[in-house]
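[1] my questions are about this predicted structure, shown below with the sequence.
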Amino acid sequence: MFGRRLGNRSARMGSRRGRAHHPGLAPGSASAFAIPPSGGLLSCRVLDPVSEPVRGAEFAVTDGMGRKVVAGEADPYGSFVATVPAGEYRLAVSADGYTPFRGNATVAPSGHAALGDVTLQVAQPPALPEPGDWEIEPAHSSIGFTARHIGLARIHGRFNTFAGAIRIADRMEQSAMHVVIDAASIDTNVKMRDDHLRSADFLDVNNYPTLEFYSDRFVHRGGSRWAVTGALSLHGVTRTVTLDTEYLGIGHGMEGETRAACRATTELRRDDFTVSWQTMLARGIAVVGPSITIDLDIQVIPKS
């Protein structure tokens with residue numbers, strides 16, 4: 001708690017001071033921080049290969065046992081400062097499109113371990129799939145969701161049956177995909193709840209047996225990040241949805257087959273798809289929160 005509480009506070013203060021001072025803090029400026037006798041400062045500035053600050057670089061500080069002590073983002077000037085108990089630490093710095101940096105630091109009681117400028121090198125992006133037709137491999141893929149239950153705990157579920165095809169173009173940005181999900185395959189590991197979710201109160205699978213997503217807009221956001229925007233049809237309503245996607249690269253299965261993998265997430269507003277369950281809300285029962293987070297882990301293989 002000591003490191004996390006003071007680390008968050010000092011990271012915010014570092015944003016204010018990073019404007020006027022060279023890497024981390026200038027000598028003598030440690031007096032601006034309320035540092036307990038058993039604690040010290042850890043600081044650095046994160047730069048790209050042309051010495052420009054890396055905005056939003058993420059850092060994590062772990063102790064000798066590998067336990068996270070403090071984590072956060074660098075300020076707009078690439079700087080961060082954290083207050084931590086005296087000791088030995090491992091610092092990890094990462095940012096989209098860059099090779100991660102890892103280093104060691106020793107923080108003395110009432111001391112300041114200034115690591116100076118940390119330069120991140122541009123990472124080689126993972127190789128893209130070969131142009132052609134690919135299909136989702138269900139055995140190594142998952143489509144899950146998370147929703148609030150009566151404003152308290154979270155419900156985690158998944159769809160067990162789905163299929164999808166992706167046509168990879170010569171330019172990845174011109175690719176297209178189509179995914180079909182069996183609505184009745186919803187599974188939260190509670191039969192009574194799943195039966196209710198399939199009913200007319202919720203997904204109404206008798207009238208709307210599938211969820212479908214079609215996209216022909218792939219936008220590269222840098223590094224391994226992509227935005228995949230398309231039309232999602234759910235409960236008889238179609239809305240534009242963007243998947244925040246991390247491309248993981250190419251690999252090979254046990255039998256030598258080529259595979260490509262990605263992770264993606266998006267958030268849906270249930271009211272956008274008229275899944276409002278007004279009969280229940282009228283009775284004051286807010287069974288599920290207003291938004292649902294969708295998480296996808298997908299592997300695709302060349303279509304045979």
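    That came in fine, so what should we check first? Residues are numbered from 1 along each chain as shown.

[2] now His156: which helix or strand?
    For His156, the host element (DSSP states H and E) is strand 154-159.

[3] helix or strand: which one has the nearest residue to Asp272 once chain neighbours are set aside?
    Distance criterion C-beta to C-beta, 6 or more residues apart in numbering; nearest residue to Asp272, sequence neighbours excluded, is Arg239 at 5.2 Å. All C-beta spots, glycine's among them, are computed from the backbone N, C-alpha and C. Using DSSP H and E, Arg239 maps to strand 237-252.

[4] what's that strand packed up against?
    The helices and strands touching strand 237-252, judged by 3 or more C-beta pairs under 8 Å, 6 or more residues apart in numbering; DSSP states H and E, are strand 225-234, strand 258-269.

[5] kindly recompute the last result at 10 Å.
    Contacts defined by 3 or more C-beta pairs under 10 Å, 6 or more residues apart in numbering; DSSP states H and E place strand 237-252 against strand 210-222, strand 225-234, strand 258-269, strand 288-302.

[6] now the ones you listed as JSON lines including mean pLDDT, distance to Pro53 and mean neighbour count?
    Formatted as JSON lines, the helices and strands packed on strand 237-252 follow (pLDDT from 0 to 100; distance: least, C-beta to C-beta, whole Å; neighbours: other C-beta atoms under 10 Å):
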{"stretch": "strand 210-222", "mean pLDDT": "93", "distance to Pro53": "16", "mean neighbour count": "16"}
{"stretch": "strand 225-234", "mean pLDDT": "94", "distance to Pro53": "19", "mean neighbour count": "18"}
{"stretch": "strand 258-269", "mean pLDDT": "94", "distance to Pro53": "27", "mean neighbour count": "17"}
{"stretch": "strand 288-302", "mean pLDDT": "87", "distance to Pro53": "31", "mean neighbour count": "18"}
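
[7] which residues does the residue nearest to Asp272 bridge with?
    Arg239 has these beta-bridge partners by DSSP bridges: Leu232.

[8] for it, give me its contacts.
    By C-beta atoms under 10 Å, 6 or more residues apart in numbering, the contact set of Arg239 is Ala231, Leu232, Ser233, Leu268, Arg269, Asp272, Phe273.

[9] from those residues, which is closest to Gln174?
    Nearest to Gln174 among the contacts of Arg239, counting by C-beta to C-beta, is Ala231 at 17.2 Å.

[10] quick one: the closest one from Thr161, how far?
    21 Å (C-beta to C-beta, to the nearest Å).

[11] Gln174 now?
    30 Å.

[12] same question for Val122.
    Applying C-beta to C-beta to Val122 and Thr161 gives a distance of 41 Å.

[13] same check, this time on Leu211
    With C-beta to C-beta as the criterion, Leu211 and Thr161 are 11 Å apart.

[14] ok, now Ala105?
    50 Å.

[15] more neighbours: which of these two?
    Ala105 (18 against 15; other C-beta atoms under 10 Å).

[16] and the more buried one, that one's in a strand?
    Yes. Per DSSP: H, G, I helix; E, B strand; the rest coil, Ala105 lies within a strand segment.

[17] in space, what's closest to it - neighbours in sequence excluded?
    In space, Ala105 is closest to Ala113, 4.5 Å off (C-beta to C-beta, 6+ apart).

[18] I figured that neighbour was touching Cys44, is that so?
    Yes. Using C-beta atoms under 10 Å, Ala113 is in contact with Cys44, at 9.1 Å.

[19] these two - which one has more neighbours?
    Ranked by neighbour count (other C-beta under 10 Å), Ala113 and Cys44 place Cys44 first, with 27 against 20.

[20] residues contacting the more buried one?
    14, 23-24, 57, 59, 74, 78-82, 91, 93, 101, 103, 105, 113-118.

[21] for it, what are phi and psi?
    phi -170, psi 170 (degrees, to the nearest 10).

[22] once you drop chain neighbours, what's closest to it?
    Using C-beta to C-beta, 6+ apart, the closest residue to Cys44 is Leu115 (3.8 Å).
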